[in-house]
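Chemist: I need the structure of the sequence given here:
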Amino acid sequence: MTTTTELKKRTRAKVRAARIHRVDERPSRDRNIQAHLLDALAKLPCAPSTIGAYVPLPNEPGGADLPDVLARTGARVLLPRVVRGDAPSLEWVEYQPDNPNLAEGTWGILEPVGEPVGNSESNAVHTFPTCVDVIVTPALSIDYHGIRLGQGGGFYDRTLANRPAHVKVWAVVDHEEFTRDVPCQDHDLVVDAVVNDLGYFPIF
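Modeler: Purely as a prediction, here's the structure:
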């Protein structure tokens, strides 16, 4: 019998292969994703003062300039950096758009350089700064219930598992990756909304 772990591995491989074939569409898709994301942020009851984001990898939805696009909203943008340890997770550093503080980090991913933003309420590992209003995360696939399939490291699962209720998580994928079912386990992150090249979709 095929295990959930094996199903996840197969699904990840399928999504990654499909993304390679969409390389020519990537710029236009990313512009659409960014437009839908900005529109969704503008429609929030209160403009977010701090947004968590990421620097997309090549072929990953969102566009390499995603942090700059979000910074132009006037919000402070925090970017993740891998914290190594027995159960690696993420810490968050403020992005400096006027003098980009990015360097190649773990696995060749661009990560922010500087002091991490602390959580004044806790010094525990795997916590997310309470100052954040919305965090925009990468994903390989999301199902209609909001269950997120990531790259397999578990960084976002661990870091955001106990986030405060006011911190909303929006996942960015291509529209083909927002689907009926994804293989999942109990620890997988559940997001509040999906942003893709076709629009913004809240999870109910």
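Chemist: C-alpha only now, for contacts and for neighbours.
Modeler: Will do.
Chemist: residue ranges of the strands in the protein, please?
Modeler: 50-52, 76-83, 89-94, 102-104, 110-112, 134-138, 141-143, 148-149, 168-172, 178-179, 193-196, 199-202 (DSSP state E).
Chemist: any idea how far residue 116 is from residue 72?
Modeler: Using Cα to Cα, to the nearest Å, one obtains 21 Å as the distance from residue 72 to residue 116.
Chemist: Please identify which of the two sits among more neighbours.
Modeler: Set residue 72 next to residue 116 and count neighbours by other Cα atoms under 10 Å: residue 116 wins out with 17 against 12.
Chemist: Any figure for the gap between the closest residue to the more buried one other than its chain neighbours and residue 118?
Modeler: Once flanking residues are discounted, residue 116 sits nearest to residue 93: 4.5 Å by Cα to Cα, 6 or more residues apart in numbering. Relative to residue 118, residue 93 is positioned 9 Å away (Cα to Cα).
Chemist: Which of these two has more residues huddled nearby?
Modeler: Comparing residue 93 with residue 118 by other Cα under 10 Å, the one with more neighbours is residue 93, at 21 against 16.
Chemist: Residue nearest the middle of the chain, spatially speaking?
Modeler: residue 137 (0.9 Å; Cα atoms, centre = their mean).
Chemist: what sits against that one?
Modeler: Residue 137 makes contacts with 52-54, 169-172, as judged by Cα atoms under 8 Å, 6 or more residues apart in numbering.
Chemist: Let me know the closest of the residues you listed to residue 43.
Modeler: Distance to residue 43 across the contacts of residue 137 (Cα to Cα) is lowest for residue 170, with 14.2 Å.
Chemist: Could you give the bridge partners of residue 147?
Modeler: residue 190 (DSSP bridges).
Chemist: Wait, it touches residue 182, no?
Modeler: Yes - in this structure, residue 147 is within contact of residue 182 by Cα atoms under 8 Å, at 7.3 Å.
Chemist: got the strands of the chain as TSV, with distance to residue 30 and mean pLDDT columns?
Modeler: As requested, the strands of the chain are arranged in TSV below (distance: least, Cα to Cα, whole Å; pLDDT from 0 to 100):
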stretch	distance to residue 30	mean pLDDT
strand 50-52	18	97
strand 76-83	19	94
strand 89-94	23	92
strand 102-104	21	95
strand 110-112	18	95
strand 134-138	13	97
strand 141-143	16	98
strand 148-149	20	98
strand 168-172	10	97
strand 178-179	16	98
strand 193-196	9	98
strand 199-202	12	98
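Chemist: related to what we said a few turns ago, in contact with the residue nearest to residue 116, which residues?
Modeler: Neighbours of residue 93 in contact, by Cα under 8 Å, 6+ apart: 78-81, 112-117.
Chemist: was I right about residue 202 contacting residue 196?
Modeler: No - the pair residue 202 / residue 196 is not scored as a contact, 11.5 Å apart, by Cα under 8 Å.
Chemist: Compare neighbour counts for those two and give me the winner.
Modeler: residue 196 (25 against 14).
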